[in-house]
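**Student:** One predicted model, sequence on top.
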2 protein chains.
Amino acid sequence: MRKFSSATTLLNKSRFVPTSGSYPQGYNVGAIATGVKKADALDLSVLSSTVPASAAAVFTTNKVFAAPVQVSRDVLSKTGGKDIGAIVMNSGCANAVTGEGGLKDARTMVSQVSHDLGIAPESALVMSTGVIGQRLQIDKITKGITELTSSKLGSSHNHWLECAKGIMTTDTFPKLVSKSFEFDGVKYSMAGLSKGAGMICPNMATLLGFFVTDAPITPSALNKMLKYTVDRSFNCIAVDTDMSTNDTIAAMANGAAGGETITEDHKNFEAFQAEMLAFARELAQLVVRDGEGATKFITLNIKDAATYQDAKQVANSIANSSLFKTAMYGKDANWGRILCATGYSGVDVDPFKISVALSSAAGEVQLLSNGEPVALDEAKAAVILEEEDLNIELSLGTGGGQECQFWTCDLSHEYVTVNGSYRS
Amino acid sequence: MRKFSSATTLLNKSRFVPTSGSYPQGYNVGAIATGVKKADALDLSVLSSTVPASAAAVFTTNKVFAAPVQVSRDVLSKTGGKDIGAIVMNSGCANAVTGEGGLKDARTMVSQVSHDLGIAPESALVMSTGVIGQRLQIDKITKGITELTSSKLGSSHNHWLECAKGIMTTDTFPKLVSKSFEFDGVKYSMAGLSKGAGMICPNMATLLGFFVTDAPITPSALNKMLKYTVDRSFNCIAVDTDMSTNDTIAAMANGAAGGETITEDHKNFEAFQAEMLAFARELAQLVVRDGEGATKFITLNIKDAATYQDAKQVANSIANSSLFKTAMYGKDANWGRILCATGYSGVDVDPFKISVALSSAAGEVQLLSNGEPVALDEAKAAVILEEEDLNIELSLGTGGGQECQFWTCDLSHEYVTVNGSYRS
């Protein structure tokens, strides 16, 4: 039996935490410890916009959705995504499966933050993450909102980092990305953060997170951009097969940087959307980097599919195969499991046209060529598999030429440990 | 962080291995070590019927199916399931994704066993299990078939036990069940065996196995019974989310015990089918008992669904949730994960009508009642969760009254160890 001593050592992930940033104008952020989480950990975060902003969000498709999902949907529905002023987020308790009382608590979070920031009533979004089925300690939360908004919000790098820390659950590092770019001589910035280490599964908004910009974008243009972007970023990652009750990704655009307002027909719409997609992919990949117990970061390149959806479905099937994921953890070039997961993906594949290659910074080996196994150089494969970052390229050989990139991690002993004792 | 020392100790499963049996007449079985597996382990099994028998089989729905699946399908298609004389099975190599050469090897196994037993050419079924993508060492296999069929087959309990051992891969114990029952004054017996510890997933024939009887049953009646039976037994178990390339469950009926031939219209058809279902469930549950790394045996009772399919789909979703399975391993009554998996099952559920209870030999606790959490007695839950056998009862509250029983196991550190080093 192989030994796992080296693989089970947690990787040093501090390199993924930025030490500085380029943040959008007109936002103040921060976090506070309310006592919902143990040991004075940050568990409440707020983002406020100094001017009313456009907002959009995508939510879990789980039929059992949490109270904050319902309440944020209501806010966006009533406002049409116009004049939103804040996002309030808590960790430690998901406020999910909490009945009418839970809905009241989520509404209280929105009204409290709106009141304390002096923005229009019910002009804030709300997100929660943590244990399901327990009521929020709402008194601690409202007290925390008042304290946080009165004196602890700011726009420094450290404020942003704390804001990201305030929504962590089993995350081992805060996920924060920022960047700047220019259109028509105006410099715009974008910043975003996310949480999520387990329960990451595709085909929906997959975790808590937001990205905000100081560009002026209409609510409908922002909504269209967000959906396109999430479908190709947060919906193209998988940590495990579970889909949370609380998943929410929100976007805000407050226009503080000036310039022409971007509508769906604006000449810069697609270019801005491309910037947002690159940004969202970077943020989504951090979630995979921090997959519960992950020791490998795996990029799946599914090529030559008949359609983009087919390519994504095959990627999704492989990324969610426990057998594939444990093989990667065990540094085992067991490509049979890749083929197997391709075969049960539901896509009509021809096994005799499939080719598979494995690569990393240490080299590349062909594993399968048009359905026929290639004699495997096990020594070379072993060296490739020692790397943290691995690439699997699988061609379906349909002649259709469509492709999808997808990111996933391995399944380790540590995943079992983390999830076997989550409430302890 | 909770300690897992007791949970990771493998359970003693020898109590599931019978010490005697009641075997059907007219079958000889056995196994031999051909050297395909290491350390002289049994790796080739044969069942032969002394008289031509009816046969039926269900196979994997994976698009990447193995050579023996194709060849067994061909045999059944050509013969119509009539006059089948044997089943030959090997372990250690799955003969999957092996191209034209693999098909030739599987056909060689069929022709060799048919020749050596003196039965009609191509009147045997073939099954393989083990690593994907490697060619069979066919010379060792054919030599083994000749040696096994010439002198090592028999009908004793020990022969049956060895036959079951010959198809084990990561199984920790041989899975063998036998029983007798009577219709119209005639005593019939049924025996079966199976393998499969990982890659067990529902909605198809889920592993290697067969059950054979000495009752006289027509091929079409046997085929109908087998499909009904497998849908409610082997398709109602889940160990992990993977679906193998090789899954095959076969049935044979040789009529050696005499009595009236059972057709689809015979008065005893349904009663016999019920016997077969009870038998198949017992055999299928052994697969879950031996789930890779399993420390818990979990029965899911999904009640009051609109349809049987809905109930099964919800059960399947829960049984395949890594988060639910790790919680059971960690003895954590984290029912939020049960609700969560119900919500993303694809069934249109109403969260406010769902009720959930947990029970074992140590007692019962209600966890959720019509969507509202019940104050949990954690001490009582902890005692219940100490048991190996756990029951989850989940009512969807639709008023439809349909239900499904489903069996699964937990996800443990040992699962990761076993599957991270399978080829080592």
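**Tutor:** Arrived safely, thanks for sending.

**Student:** Partner strands of the lengthiest strand in chain A, with direction?
**Tutor:** Of all the segments assigned as strand in chain A under DSSP state E, the longest by residue count is strand A:44-59. When pairs are called by DSSP bridges, strand A:44-59 turns out to pair with strand A:27-32 (antiparallel), strand A:84-93 (antiparallel), strand A:248-253 (antiparallel).

**Student:** any idea which of the ones you listed is most buried?
**Tutor:** Comparing the strands paired with strand A:44-59 on average neighbours per residue, with mean count of other C-beta atoms under 10 Å in any protein chain shown, the densest one is strand A:248-253 at a mean of 28. (C-beta placed from N, C-alpha, C; glycine too.)

**Student:** Pull it out as CSV, backbone CA atoms only.
**Tutor:** Taking only C-alpha atoms (Å, rounded to 0.1, in the frame of the first residue of the first chain), the coordinates of strand A:248-253 have been written out as CSV:
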residue,chain,number,x,y,z
THR,A,248,-24.5,33.5,-4.3
ILE,A,249,-22.3,35.6,-6.5
ALA,A,250,-23.0,39.3,-6.7
ALA,A,251,-21.6,42.1,-8.8
MET,A,252,-21.8,45.8,-8.2
ALA,A,253,-20.9,48.8,-10.4
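
**Student:** could you point out which element follows it?
**Tutor:** helix A:269-289 (DSSP states H and E).

**Student:** Can you list the low-confidence ranges for chain A?
**Tutor:** Counting by pLDDT under 70, chain A has low-confidence residues at A:1-11, A:197-206, A:239-244, A:418-424.

**Student:** Mind checking what secondary structure A:Glu122 has?
**Tutor:** For A:Glu122, the assignment made with DSSP: H, G, I helix; E, B strand; the rest coil gives coil.

**Student:** count of neighbours near it?
**Tutor:** Other residues within reach of A:Glu122 by the criterion other C-beta atoms under 10 Å in any protein chain shown amount to 15.

**Student:** Looks like it contacts A:Ser111 (just checking).
**Tutor:** Yes. With the criterion set as C-beta atoms under 8 Å, A:Glu122 and A:Ser111 qualify as a contacting pair; they are 6.7 Å apart.

**Student:** quick revisit: the very next helix or strand once past the longest strand of chain A packs against which elements?
**Tutor:** On the C-terminal side of strand A:44-59, the nearest following helix or strand under DSSP H and E is helix A:67-79. With contacts defined as 3 or more C-beta pairs under 8 Å, 6 or more residues apart in numbering or on different chains; DSSP states H and E, the secondary structure elements packing on helix A:67-79 are strand A:44-59, helix A:99-117, strand A:124-131, strand A:248-253.

**Student:** Please identify the most buried of those.
**Tutor:** Of these, the one with the most neighbours on average (mean count of other C-beta under 10 Å) turns out to be strand A:248-253, with a mean of 28.

**Student:** Please give the centre-to-centre distance between that one and its chain.
**Tutor:** Taking C-alpha atoms, centre = their mean, to the nearest Å, one finds the center of strand A:248-253 at 12 Å from the center of the full chain.

**Student:** between the helices and strands packed on helix A:67-79, which one is nearest to B:Gly92?
**Tutor:** Shortest distance between B:Gly92 and the helices and strands packed on helix A:67-79, using C-beta to C-beta, is found for strand A:124-131: 44.9 Å.

**Student:** can you redo the helices and strands packed on helix A:67-79 as JSON lines with distance to A:Asn391?
**Tutor:** Putting the helices and strands packed on helix A:67-79 into JSON lines (distance: least, C-beta to C-beta, whole Å) gives the following:
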{"stretch": "strand A:44-59", "distance to A:Asn391": "28"}
{"stretch": "helix A:99-117", "distance to A:Asn391": "41"}
{"stretch": "strand A:124-131", "distance to A:Asn391": "31"}
{"stretch": "strand A:248-253", "distance to A:Asn391": "26"}
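
**Student:** Using CSV, write down the CA coordinates of the longest strand of chain A.
**Tutor:** Extracted as CSV, the C-alpha positions of strand A:44-59 are listed here (Å, rounded to 0.1, in the frame of the first residue of the first chain):
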residue,chain,number,x,y,z
LEU,A,44,-19.3,39.5,9.7
SER,A,45,-18.3,41.5,6.6
VAL,A,46,-19.8,44.6,5.0
LEU,A,47,-19.2,46.2,1.7
SER,A,48,-20.7,49.7,1.2
SER,A,49,-20.7,51.9,-1.8
THR,A,50,-20.5,55.6,-1.3
VAL,A,51,-22.8,56.2,-4.2
PRO,A,52,-25.9,54.1,-5.2
ALA,A,53,-24.7,51.3,-7.5
SER,A,54,-26.0,48.8,-10.1
ALA,A,55,-26.1,45.3,-8.8
ALA,A,56,-26.8,41.8,-10.1
ALA,A,57,-26.5,38.3,-8.6
VAL,A,58,-26.8,34.6,-9.5
PHE,A,59,-28.0,32.2,-6.9
